[in-house]
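Undergrad: Build me a model:
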Amino acid sequence: MFDQIVAPIADQIQEFERRLDRALDSDVGKVQTMGRYLGKNRGKHFRPALSLLAAQAVGECSDTAIDAAVGIEILQTGTLIHDDVLDSAEFRRGAEGLHVKWGNHAAILMGDFLLVKAMEVLVGLGSIEVMEASTSAIRRMIEGEILEDEKGGDGELAIYFTMIDKKTASLYALACEVGAILGGGNEEEISNMSTFGNDVGMAFQITDDLLDFIGDEETLGKPVGNDVREKKLTLPIIRALKNCENGEAEGIRTKVHRGVNTAEDWQEIQTFVQKYGGIEHAKDEARAYAASAERSLRGLPGSDAITALKLAVHSVVDRER
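TA: Okay, the predicted model is just below:
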């Protein structure tokens, strides 16, 4: 499906790949080595693709829009490196994390290097609008990371949505907003694209949290149940806890906070979440954000880029990894 999504921007994606490789070059050997390792274990570049499609949907997928997509991908990569260190996650996309191969110290510094490199690229575009959007998104992402440690009690559902809005959705919003800015969109088109990206990001994160309960480890390229083992309460389990009106909920909550260390504990939590509707609720919530994202595109004229953006929305909620 991804090939269909990027079909309208196939040439631009190829140029994006070339520029990304060049952007990760360094005359410091270890940085170069880690950069090449990251290059070999890349994802699909979904956010840059959204940015390029947003540019094309409102006007033109220009040379500058390609550079912006490079900056956004580097920003995403840097944040993921820091994420893996904080979460002690051993694998990313089926490959060992940077901190596993080179240690936390080197991984954190490489993440810092990439964040600065991303800003260098984005500032170099010479657009005040892009700079303002980028710094705002980075601030929100850091706030979201800090919020992830909050234990909300009765407010944990609100904290969860605020956290994923900041930590995850803000980068999707940035990708689409920057694409629309550099594509020559008007104020309304830029706003709609930002909203579109934000809703796609919300749907993506909820689906990601859902797959942590029902996904296949081999397909995901990482173990399922990671969030629970890291004592994180995500939407499926938060909703199940709220739906359960007996003492079973408190036992599950205590188990998560103390740490899930055995297969039996994990099976008990999976069963609880399924029994009390956490899985179906999360699916419905992801679909609702996906539908909202599609509505944001209604004011734009039909085009191959718009069709691809709609396909991208469906791919987010229908994915298996």
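Undergrad: who's in contact with the helix or strand hosting residue 317?
TA: According to DSSP states H and E, residue 317 maps onto helix 304-318. Helix 304-318 is contacted by residues 1-2, 4-9, 46, 49-50, 53-54, 56-57, 61, 196, 200, 203-204, 207, 283, 286-287, 290, 293-294, 297, 300 when judged by CB atoms under 8 Å, 6 or more residues apart in numbering. Every C-beta, even on glycine, is put in place using the N, C-alpha and C of the backbone.
Undergrad: Produce a PyMOL select command limited to the buried residues of those residues.
TA: Here is the PyMOL command that picks out the buried ones among the contacts of helix 304-318, judged by 16 or more other CB atoms under 10 Å:
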select buried, resi 5+6+8+9+46+49+50+53+54+56+57+61+196+200+203+204+207+283+286+287+290+293+294+297+300
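Undergrad: Mind listing what's buried along the helix holding residue 317?
TA: 305-309, 311-313, 315-317.
Undergrad: Among those residues, which one lies nearest to residue 83?
TA: Comparing these against residue 83 with CB to CB places residue 316 closest, at 19.1 Å.
Undergrad: and the host helix or strand of residue 213, average pLDDT?
TA: Residue 213 belongs to helix 187-214 when assigned by DSSP H and E. For helix 187-214, mean pLDDT is 97.
Undergrad: Show me what it is packed against.
TA: Under the contact criterion of 3 or more CB pairs under 8 Å, 6 or more residues apart in numbering; DSSP states H and E, helix 187-214 touches helix 46-58, helix 156-164, helix 170-182, helix 226-229, helix 235-243, helix 278-295, helix 304-318.
Undergrad: nearest to residue 78, of these?
TA: Closest to residue 78 of the helices and strands packed on helix 187-214, according to CB to CB: helix 170-182, at 11.0 Å.
Undergrad: any weak-confidence spans in the protein?
TA: Low-confidence segments of the chain (pLDDT under 70): 151-154, 217-222, 321.
Undergrad: that older thread, turn the buried residues of helix 304-318 into CSV, columns for distance to residue 182.
TA: As requested, those are exported to CSV (distance: CB to CB, whole Å):
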residue, distance to residue 182
305, 14
306, 17
307, 21
308, 18
309, 16
311, 22
312, 19
313, 22
315, 24
316, 23
317, 28
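Undergrad: Taking these together, which two end up most distant?
TA: Largest separation among those by CB to CB: 305 and 317, giving 20.1 Å.
Undergrad: does residue 122 sit in a helix or strand, and which one?
TA: Going by DSSP H and E, residue 122 is part of helix 104-123.
Undergrad: what angle separates that helix from helix 170-182?
TA: Taking axes from the mean of the first three to the mean of the last three CA atoms, to 10 degrees, one finds helix 104-123 and helix 170-182 inclined to each other by 20 degrees.
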